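Engineer: 3D model of this:
(chains A and B)
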Number of protein chains: 2
Amino acid sequence: MSHKTITIFGVGAFGYAVLKHLEGQANLPHNLIAFDADQNINDSLQKERKHPHFHKDISISDSTHVAESAHKAIFQSDILILVASSDASREVARAIKLSAKDGVTILNLAKGLETETGKRLSEIYNEKLAEKDYSYAVMAGGTTAEDLINKRPIGADLASTDEQTAELLKTILGSDTLSINLSSDLKGVELASALKNIISMVAGMVQGFGLPHGTLTFAISKFSQQIAAECISGLGAHSETFSLGSQCWGNDIWLSSLSDTRNRRFGELIGQGTPVKQAIQSMGESNSLIEGVNTLKALIYIPALYEIYIIRLLHKLIVEESIDINSFKKEFLASLN
Amino acid sequence: MSHKTITIFGVGAFGYAVLKHLEGQANLPHNLIAFDADQNINDSLQKERKHPHFHKDISISDSTHVAESAHKAIFQSDILILVASSDASREVARAIKLSAKDGVTILNLAKGLETETGKRLSEIYNEKLAEKDYSYAVMAGGTTAEDLINKRPIGADLASTDEQTAELLKTILGSDTLSINLSSDLKGVELASALKNIISMVAGMVQGFGLPHGTLTFAISKFSQQIAAECISGLGAHSETFSLGSQCWGNDIWLSSLSDTRNRRFGELIGQGTPVKQAIQSMGESNSLIEGVNTLKALIYIPALYEIYIIRLLHKLIVEESIDINSFKKEFLASLN
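Structural biologist: Take a look at the predicted model:
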């Protein structure tokens, strides 16, 4: 493989883990560029060679270049790895349109659907980069920043409609501990990785209701199957993408439903009777984004999914706030049978 | 439905929960008979109306008849619900052959494969009851005695090759909180409910190795898919039986891999380096049966499954004891990628 310039665009906790992961791929002597829109993060990476907030005991290599601007981060890149928040997608796409060279490969690690349109992120890039020559892939799965940076054995799906792009990215990112499964089902992987946030939220709610682990696994199994069935038959996703062996679904549902994720914690607060606004506020100082809530809002634009009973019920409770938690709980439990 | 006589044959913790569940199905005025081969349990049920070991705060109804012998428990029954241990299958089948009336319906809640032959339990009954007129079903899923007796919402698959038998049993057992999904895939449900014990054991081993939750969900997702693929393509099981929405697989794998089951605990001990014999001994005073270990022994008679790499590896470690835990761990981690 020829020498590539790879940019990690967005250096939060996960972006930093991806950067360290790539620095550790010693057999691949690529140029690495890091950039974050937060000047404070960029400065710290540049001067201290450390992240100001995450993994503070781990510094970055001297050979990693920290770019001073989005343009400088993008214009030389062969491969852009996007680790920005999903709601920054249009802004990121604009920067890519302005600065990226033709033939650039985009690997998007952001997950979600556009709240105001229900669009998958690839659809947004497709729209914004219509006149650009680029290839596009996503990676999603049972990957946390913590496990990636600590080199724990984990798995992910990497999906692209272009097989060569997927193969190239697997060569660059795959390692002894990061097992990458290739998929051609870009749409399915995008849907699965957004929808699993709703499942995590439901898992939290079951816990918030004080129901046992057996009810939680029952509810997850039931609702994940209903959602999967619509994605496959209604939206044309591949059935493998929604199988137990799928990294972005079968693995990630259980990873995110049974660990301390924001979606699960938010669901738990809601299940305990905390009003929606208060639950969102109490979730985060600086960051009030609950992916599951945004995904729920977006689903109004995807009828096949919006018409699923549990989705409508969650929408009424969390988005419309037209039913209270007691009515929700009653209908939720009835719908399980 | 006509008035039925229903026998719960085997009154351990789960049998007692099934008995209480049926007593609570007040709209179905069936005769209930309970019997356990342990005289002490039978006496306690008869005289104290309580179980001597489990759920001691919950007594049984006066209208439930406690039979004095296996023959008396069986001969009047329209429906026999077997909650005995899987390794008692031939003995139970013999008692049924001697005493059951023609046309009896058997619902087997035992799970497992015969250690010495690899046969599914339905194959054993088929063999032993060749000259008998009977119908047969199994029920398996995310059901624990605790959740069933406390009326928590849970789900199970009920499988029979005879649709009417399945429908009848669903009417008798289904409730507001026990959701029953019918299946015609008797073989698949039997395989899934035996094999999930091996997955729970592997889950425990990953924990015993000190690996994080992300590696656990990755490993479960990966191996459950490998096993499912062989059951479907090699042994003719239905793919729904091995889906995320399957109660005996998608639900029960996660229920039993992430709660305090004997298989998971045994796996954890093994993963921590405890020698096999010592781990088995330390598991139980009276009960040294680890279902996952017995299932593993049985798989030598089912080549399609025995040839799966992780199964062969587990067999070497736990049954043959021909490799040590360090070699196992090394090969296990390599096989994840």
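Engineer: Contact partners for the closest residue to residue A:101 other than its chain neighbours?
Structural biologist: In space, residue A:101 comes closest to residue A:75 once its chain neighbours are excluded; the distance is 6.6 Å by C-beta to C-beta, 6 or more residues apart in numbering or on different chains. Glycine gets a C-beta too; all of them are placed from N, C-alpha and C. Contact analysis of residue A:75 by C-beta atoms under 8 Å, 6 or more residues apart in numbering or on different chains lists A:99, A:100, A:101.
Engineer: So which of those is the closest to chain B?
Structural biologist: The nearest member of these to chain B, counting by C-beta to the nearest C-beta, is residue A:100 at 32.2 Å.
Engineer: burial measure for the closest one, as a count.
Structural biologist: 24 (other C-beta atoms under 10 Å in any protein chain shown).
Engineer: List the contacts of it.
Structural biologist: If you count contacts by C-beta under 8 Å, 6+ apart, residue A:100 has them with A:74, A:75, A:77, A:80, A:132, A:134.
Engineer: how about TSV for the residues you listed, with secondary structure and pLDDT added?
Structural biologist: As requested, the contacts of residue A:100 are exported to TSV (DSSP: H, G, I helix; E, B strand; the rest coil; pLDDT from 0 to 100):
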residue	secondary structure	pLDDT
A:74	helix	98
A:75	coil	96
A:77	coil	97
A:80	strand	98
A:132	coil	96
A:134	strand	98
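Engineer: Weed out the non-buried ones from the residues you listed.
Structural biologist: The neighbour count (16 or more other C-beta atoms under 10 Å in any protein chain shown) marks A:74, A:75, A:77, A:80, A:132, A:134 as buried among those.
Engineer: So which of the contacts of residue A:75 are in helices?
Structural biologist: In helices, judged by DSSP state H, the following of those are found: residue A:99.
Engineer: Which parts of the stretch 151-300 of chain A are helices?
Structural biologist: Taking DSSP state H, counting those that start in this stretch, the helices of the stretch 151-300 of chain A run over residues A:163-173, A:186-208, A:213-233, A:252-257, A:262-271, A:276-283, A:291-298.
Engineer: now the first one, how far from the chain's geometric center?
Structural biologist: In other words, helix A:163-173. Centroid separation for helix A:163-173 versus its chain: 19 Å, with C-alpha atoms, centre = their mean, to the nearest Å.
Engineer: can you tell if that helix touches chain B?
Structural biologist: No: judged by C-beta under 8 Å from any C-beta of the partner chain, helix A:163-173 stays clear of chain B, getting no closer than 11.8 Å.
Engineer: closest to residue A:314 among the contacts of residue A:100?
Structural biologist: Using C-beta to C-beta, residue A:80 comes nearest to residue A:314 of the contacts of residue A:100, at 34.1 Å.
Engineer: hang on, isn't that closest one packed against residue A:9?
Structural biologist: Yes: judged on C-beta atoms under 8 Å, residue A:80 makes contact with residue A:9 at a distance of 5.7 Å.
Engineer: which residues are common contacts for the two?
Structural biologist: Joint contacts of residue A:80 and residue A:9 (C-beta under 8 Å, 6+ apart) are residue A:74.
Engineer: on that earlier part again, as JSON lines, the contacts of residue A:100 with distance to residue A:282 would be great.
Structural biologist: Shown next, in JSON lines, are the contacts of residue A:100 (distance: C-beta to C-beta, whole Å):
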{"residue": "A:74", "distance to residue A:282": "37"}
{"residue": "A:75", "distance to residue A:282": "42"}
{"residue": "A:77", "distance to residue A:282": "39"}
{"residue": "A:80", "distance to residue A:282": "35"}
{"residue": "A:132", "distance to residue A:282": "42"}
{"residue": "A:134", "distance to residue A:282": "40"}
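Engineer: Among the residues you listed, which one sits closest to chain B?
Structural biologist: Of all these, chain B sits closest to residue A:80, with 25.6 Å by C-beta to the nearest C-beta.
Engineer: what is the closest one paired to in the beta sheet?
Structural biologist: residue A:7, residue A:106 (DSSP bridges).
Engineer: end-to-end on stretch A:299-314?
Structural biologist: Length of stretch A:299-314, first residue to last, C-alpha to C-alpha, to the nearest Å: 11 Å.
Engineer: and it, how far out from the chain's middle?
Structural biologist: With C-alpha atoms, centre = their mean, you get 20 Å for stretch A:299-314.
Engineer: That one close to chain B?
Structural biologist: No: applying C-beta under 8 Å from any C-beta, one finds stretch A:299-314 separated from chain B by no less than 13.1 Å.
Engineer: mind listing what's buried in that stretch?
Structural biologist: A:299, A:300, A:302, A:305, A:306, A:308, A:310, A:311, A:312, A:313, A:314.
Engineer: same deal with stretch A:322-330?
Structural biologist: Buried positions in stretch A:322-330, judged by neighbour count with 16+ other C-beta under 10 Å: A:323, A:325, A:328, A:329.
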